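Q: From the sequence below, what's the structure:
(4 chains)
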4 protein chains.
Amino acid sequence: MGKTGLWLVGARGGVSTTVITGLAALSRGLRTNTGLITEHPVFKNCELPELQEFVIGGHEIRTGSLQESARAIEKDSNSIPGDLIRSLSEELDKVDTEIKPGILVNAGEAIHALDQRLPGVEDMDPGAALTKVVSDLTQFRESNQLEGLVVVVLSSTEAPLPHHPSHDSATALLEAAENGVREAFRSSTIYAMASAQVGASFVNFTPSPAALIPATREMLESNQCAYCGCDGKTGETLVKSALAPMFAQRALNVLTWQSYNMLGDRDGEVLAHEDNRSSKITSKGELIHEILGEGVHSQVSIDYVPSLGDNKTAWDLIHFSGFLDHRMTMQFTWQGCDAILAAPLVIDLARLIETSRRRGESGLQSHCGLFFKSPLDSRTHALGDHFDALISKAKSWDSHR
Amino acid sequence: MGKTGLWLVGARGGVSTTVITGLAALSRGLRTNTGLITEHPVFKNCELPELQEFVIGGHEIRTGSLQESARAIEKDSNSIPGDLIRSLSEELDKVDTEIKPGILVNAGEAIHALDQRLPGVEDMDPGAALTKVVSDLTQFRESNQLEGLVVVVLSSTEAPLPHHPSHDSATALLEAAENGVREAFRSSTIYAMASAQVGASFVNFTPSPAALIPATREMLESNQCAYCGCDGKTGETLVKSALAPMFAQRALNVLTWQSYNMLGDRDGEVLAHEDNRSSKITSKGELIHEILGEGVHSQVSIDYVPSLGDNKTAWDLIHFSGFLDHRMTMQFTWQGCDAILAAPLVIDLARLIETSRRRGESGLQSHCGLFFKSPLDSRTHALGDHFDALISKAKSWDSHR
Amino acid sequence: MGKTGLWLVGARGGVSTTVITGLAALSRGLRTNTGLITEHPVFKNCELPELQEFVIGGHEIRTGSLQESARAIEKDSNSIPGDLIRSLSEELDKVDTEIKPGILVNAGEAIHALDQRLPGVEDMDPGAALTKVVSDLTQFRESNQLEGLVVVVLSSTEAPLPHHPSHDSATALLEAAENGVREAFRSSTIYAMASAQVGASFVNFTPSPAALIPATREMLESNQCAYCGCDGKTGETLVKSALAPMFAQRALNVLTWQSYNMLGDRDGEVLAHEDNRSSKITSKGELIHEILGEGVHSQVSIDYVPSLGDNKTAWDLIHFSGFLDHRMTMQFTWQGCDAILAAPLVIDLARLIETSRRRGESGLQSHCGLFFKSPLDSRTHALGDHFDALISKAKSWDSHR
Amino acid sequence: MGKTGLWLVGARGGVSTTVITGLAALSRGLRTNTGLITEHPVFKNCELPELQEFVIGGHEIRTGSLQESARAIEKDSNSIPGDLIRSLSEELDKVDTEIKPGILVNAGEAIHALDQRLPGVEDMDPGAALTKVVSDLTQFRESNQLEGLVVVVLSSTEAPLPHHPSHDSATALLEAAENGVREAFRSSTIYAMASAQVGASFVNFTPSPAALIPATREMLESNQCAYCGCDGKTGETLVKSALAPMFAQRALNVLTWQSYNMLGDRDGEVLAHEDNRSSKITSKGELIHEILGEGVHSQVSIDYVPSLGDNKTAWDLIHFSGFLDHRMTMQFTWQGCDAILAAPLVIDLARLIETSRRRGESGLQSHCGLFFKSPLDSRTHALGDHFDALISKAKSWDSHR
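A: Numbering: from 1, shown residues only, chains lettered A, B, ... in the order given. Model prediction:
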């Protein structure tokens, strides 16, 4: 079996650093495989790529090394302890050599305000950006003799992109790129286009809505690329998708579902900007109405709380009525480390989407709804339904059946 | 369509009083049908019994009237408000005339200690008790010209019943009843036997393990009775069955699932007795290990907190590890009114099991797992699986398909 | 002992209705005196006014009767049950005859948007409003032969009032009123001025900052009126004032104190308006910094959740470091009925401030800090300190010492 | 200023290891002084011992080194990170040389069941144990030329000791020791006696009730030793002592105060034994009744949850009624690292009690109530009262006043 490239956009952010450290730690047997859905026995005969097969590269717009990122995580949440960093320093340094300066296209105020930006990384013309990303991906594939290539967007949440006529067809969007129509793009749009051009699989792990618009989906499909998104379902929304069906299945009438989120890392800093927050809140909020109906009073609030670091804390109140219209209450508190919850999903998605590629199954990977807050084109948001869909897919892939 | 009898054991307890008040209130359009699963659109063409078809009777060992029970509930949790009691006083008084003094067989200390016992209700010989219950049920059926009859055990949780050789066959158990072997029985055993003898459907809504032993199941089956149990899943365990699968589906490693329950009504008073509590805790605890594996440290504690009344409050801590074996926490608080949550399930079960009877589908109703903490012979405890099974059954019943 | 008038501004709002119903219920012995601080044994020999001595009147801008208000409360939170309303209907109707149409001066959008406004109640010229309030208070005092009179502002939170030069002296403010300078006033400013003019005691129980500005305080003081404020401390802020000193006393370093509030009644509806909310948040937020230092990251969020009604629910997260700078967490949930918590404080304040008047103790009642979120001129926010101050005052008043 | 000895009983347990590591870290400026109450400005001119003045020794019954204990803590809760252990390895090794094998006298099953017991440490005759402890303390004092000496009991909670006639007088207890009446003693009794004999100050930081019985208090007093106890107030009980007064001060009627505690370290393992747990629960429970009256339904439950390690988690429910007897609820969750919360209190107590000794103030240190769950002879349990008492003491010591 050949090697598979995993190209991480935002390659030294918290999730990427955890993916990279985790793949190295698991390959060396230093940690258990907890959190990896693709280690479920149902995948045993599916010939998924081995963890050791992945070669990692990526784009990053900020300065620093992977070891520095890992040490910042150690300090923040201790989810990557110092001894692990020391043990894996060689592997981290090696990946660093495959990380190139990222692109910025119409990136908005919050992202430009981030400190520690790499010198020379400035907002670019979309055509030039596309050329650069295509070139970087191609070089990565050739120099590492990769058979498959998966691009995963893990950069900060972008502000919504107002609709532009070019969004509706591949031809129009390519023309807009050539003509430098910057307002038709965000950086994530470029990554989707580049993936289509080089024939890579594409995963939008962020809520950024500019990545998978009709035009980019058309490009990916016509180039036989597999893709999926949007917005990795890691914490509070995961719980909601498990819990909301319970109220529906018991015919309980949810009056109010209120979600209060606090987070403190760079993600929180970016989300403190109203524009970027709105992409996230939309993605988090639709689930409740989809499962429980439009009548539910549901609000999602996000506050930036620096001291929590990556240990996101969410508190939810569910106020509901039951028989005889009597009112009752449920509350939950979720205290989860975001990168720890997200990283295994990225690895799972890379394994699953590469398996699709090998089997010639391109286009939207609808069996991957389990992984996303806003699964593309999905009619359901219930966790159990998505799990069943993934298990069915695994069974269809099972070479022993 | 004829009339269906609903015989409630513990007929003036909190759940029964809510069932009776609720059926009357819904029949008169005074409340919405929130909480009734059988109002789901999937049952539209299943010809379930209408709510108005039910005629209610039952057994009770304590003094007082249904109006008094309803007023006690008003005071305790206001889940049956005073205006509703006033509106339905005639209906409540009418049901009162169909409630007979209950039986006690080897009932144990906690139940004997309950105050307000009806004069003359004393621990009986099993044979005499069986004769009395059969006679009461028969008279109820004849005097009301009932087509179907459903017996639901809603009395206080009994202490476990040590195994007795007669439990293993119908013949042996009948012989033990005739010979007055009191230690082979609890009151609930007698109710199951009587249901079999008169051909009634039987629902064990309590955790009492003495009801559905091999011998009584054999009797019910050989008399073509439909039956199901055990232990209505109303609150904290309901949440656990919705939430535990999430951790499994995400390959998260649950280290500890700790449940602390407080309740204050008669149920709590009885559960303050170690013997009776053990039946309950066993029923509540097995789910976590079934879904998440034997390695989870899981404890269920129950404390009697009088001031809470029927507003049971449960607090759960879930301590789990994720990727890189990093540890995280989830907590939830459930504040639910127990009778309000239980009553619609009793009505749903009566409608479903009577539908089975009408269609000649006797024996264990395995599609009713959704309703129970310890569904008999079930291989799964996941809420979603049980819901899917019920929906499938409904579709199989649909006359328009 | 003569009679004391209690004039409630917002006389049919939730707090006022609870005050009025409660005074009647306690006078008739229908409820215990739970919640009344002035029933503490230390006040035994302080000759506080008896509950029966109070005659109630007030202003209201909305339509409806006290019985209707009480029934709305019954429906919303059941904190005033139907049987109590029926028992006290005469008393409620009698108070209704003493409630006059209120005034509106520069009241802002949120308050004008309230439905059910009394016909004829429109924004007024400040001079005319002052004349009307003085006249209503005078008539109330004369017709009831009152010895003392206490005015309590219980109306909806007003938006902040931008500083106007006339705020700094009594003379300038009176001149502004005469000249119709509407932007120098809010309704609460007029109430403070009228209280001063008729020699009534004045309590600002709301956070509205326009009531006790330098000019109105000067008027109250020069007329020998007792006064205090601002913003009754009823729920989450009460807990904060009890808990924050613990962290200080234990030298624990609070990093973050995050407060998330949900409320659903008219108060919540008004606070959904950004302007009005800002008055509230300022009042709620300053305590943490005063007790724990400016370095704490502290945010107060308020969301309008209609289904909760008056059962306000607040969730707080406290993230702190201890020895060796190790980080730990505390959370609390407060589920309290706002009017039930506020009403006894209003009665306590009326008794205390009338006692001061009788003893010739006018001006700021600094021993009443216990009752307020933002106690005027107070150097401390710690609950224990305020309690000690009140107890000391009681001891100084004790006629047996 | 001379050197002060700090003798820790249970010298390599979690609290002692944190005390030892912390004193070294603070002396070297590697951490802030967060958590040390004696760093409050009020103590500035009280001439407390400097942190560098302390020389540490102690008794331990288990095998292992301080570095090993510290590494176990790193793994368990990361409250002592690896880098700190590496930096302080010399200091830890040095203290190790001053730790002697401890004694066991009538220690009970749970403590004997602890694994890793030092070879040769067996239950002893009380007379021999007393001789050994006196000898070890004397040698420690002489070899280090100590001026003052403070003994702090930090060993596992002992089971209650049934009353024995010898407990009532010093003479009788000494006689019982000589006669080998083992059932009149626990290990902690011996430590108090030895402290009296060598003239050391004595702190019972555990709930073990056998330490400060009338006979040992008589010995300490007649030897001019300062002493205090019992049971360091570190977590949930601390919160209760801050919060319970709020309900009293607001005349709210607490119906129920329910406390559920989970802990996972050695402390938890020992408390899983019913006998030992009862000492703890008594100590934790009395506060609520003292502050809020005997009528409160209050239960304290403790469960052993291994995965939590030293991160104790407590959940409390407070159910209370307010005005018009309306019922409301408060809940809190406390997630605190026990050793981190306890260690600074041990250091504070050592500084305070040594200051007393230097000033000739022997006997019960009643100004130290702030530090204990069950402060000896205290009439109050309110945190604020205890804090005020400590501040008053500090002012009385202030050399600049």
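Q: can we go C-alpha only for contacts and neighbour counts from here?
A: Noted.
Q: which is the next helix or strand following the helix or strand harbouring A:L174?
A: In this structure, A:L174 is located in helix A:170-178 according to DSSP states H and E. Next along the chain after helix A:170-178, taking DSSP H and E as the criterion, comes helix A:187-198.
Q: which stretches of chain A form helices?
A: A:14-27, A:66-77, A:82-87, A:89-96, A:109-112, A:126-143, A:170-178, A:187-198, A:214-222, A:236-249, A:266-271, A:274-292, A:338-358, A:383-397 (DSSP state H).
Q: Could I get these in JSON lines, plus columns for mean pLDDT, mean neighbour count and distance to B:S321?
A: Below are the helices of chain A laid out as JSON lines (pLDDT from 0 to 100; neighbours: other CA atoms under 10 Å in any protein chain shown; distance: least, CA to CA, whole Å):
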{"stretch": "helix A:14-27", "mean pLDDT": "96", "mean neighbour count": "23", "distance to B:S321": "14"}
{"stretch": "helix A:66-77", "mean pLDDT": "93", "mean neighbour count": "19", "distance to B:S321": "14"}
{"stretch": "helix A:82-87", "mean pLDDT": "92", "mean neighbour count": "16", "distance to B:S321": "17"}
{"stretch": "helix A:89-96", "mean pLDDT": "97", "mean neighbour count": "16", "distance to B:S321": "24"}
{"stretch": "helix A:109-112", "mean pLDDT": "77", "mean neighbour count": "17", "distance to B:S321": "32"}
{"stretch": "helix A:126-143", "mean pLDDT": "97", "mean neighbour count": "18", "distance to B:S321": "35"}
{"stretch": "helix A:170-178", "mean pLDDT": "97", "mean neighbour count": "18", "distance to B:S321": "44"}
{"stretch": "helix A:187-198", "mean pLDDT": "97", "mean neighbour count": "25", "distance to B:S321": "32"}
{"stretch": "helix A:214-222", "mean pLDDT": "97", "mean neighbour count": "21", "distance to B:S321": "36"}
{"stretch": "helix A:236-249", "mean pLDDT": "93", "mean neighbour count": "21", "distance to B:S321": "16"}
{"stretch": "helix A:266-271", "mean pLDDT": "72", "mean neighbour count": "22", "distance to B:S321": "22"}
{"stretch": "helix A:274-292", "mean pLDDT": "77", "mean neighbour count": "19", "distance to B:S321": "24"}
{"stretch": "helix A:338-358", "mean pLDDT": "97", "mean neighbour count": "23", "distance to B:S321": "10"}
{"stretch": "helix A:383-397", "mean pLDDT": "93", "mean neighbour count": "18", "distance to B:S321": "20"}
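Q: Quick one, which of the ones you listed gets closest to C:G22.
A: For C:G22, the closest of those is helix A:236-249, at 38.0 Å, according to CA to CA.
Q: So what touches the closest one?
A: Defining contact as CA atoms under 8 Å, 6 or more residues apart in numbering or on different chains, one finds that helix A:236-249 is touched by A:253-254, A:284, A:287-288, A:291-292, A:314, A:334, A:373, A:381-384, B:37, B:239, B:242-243, B:246, B:383-384, B:387.
Q: before we move on, what about stretch A:121-134?
A: Stretch A:121-134 is contacted by residues A:61, A:101-107, A:177-182, A:185, A:190-191, A:193-195, A:197-198 when judged by CA under 8 Å, 6+ apart.
Q: how about the residues of the stretch 101-250 of chain A near chain C?
A: Not one residue of the stretch 101-250 of chain A sits near chain C, judged by CA under 8 Å from any CA of the partner chain.
Q: For D:V121, see how far away the residue of the stretch 101-250 of chain A found nearest chain C is.
A: Chain C sits closest to A:E236 of the stretch 101-250 of chain A, with a gap of 16.2 Å, by CA to the nearest CA. Separation of A:E236 from D:V121 (CA to CA, to the nearest Å): 51 Å.
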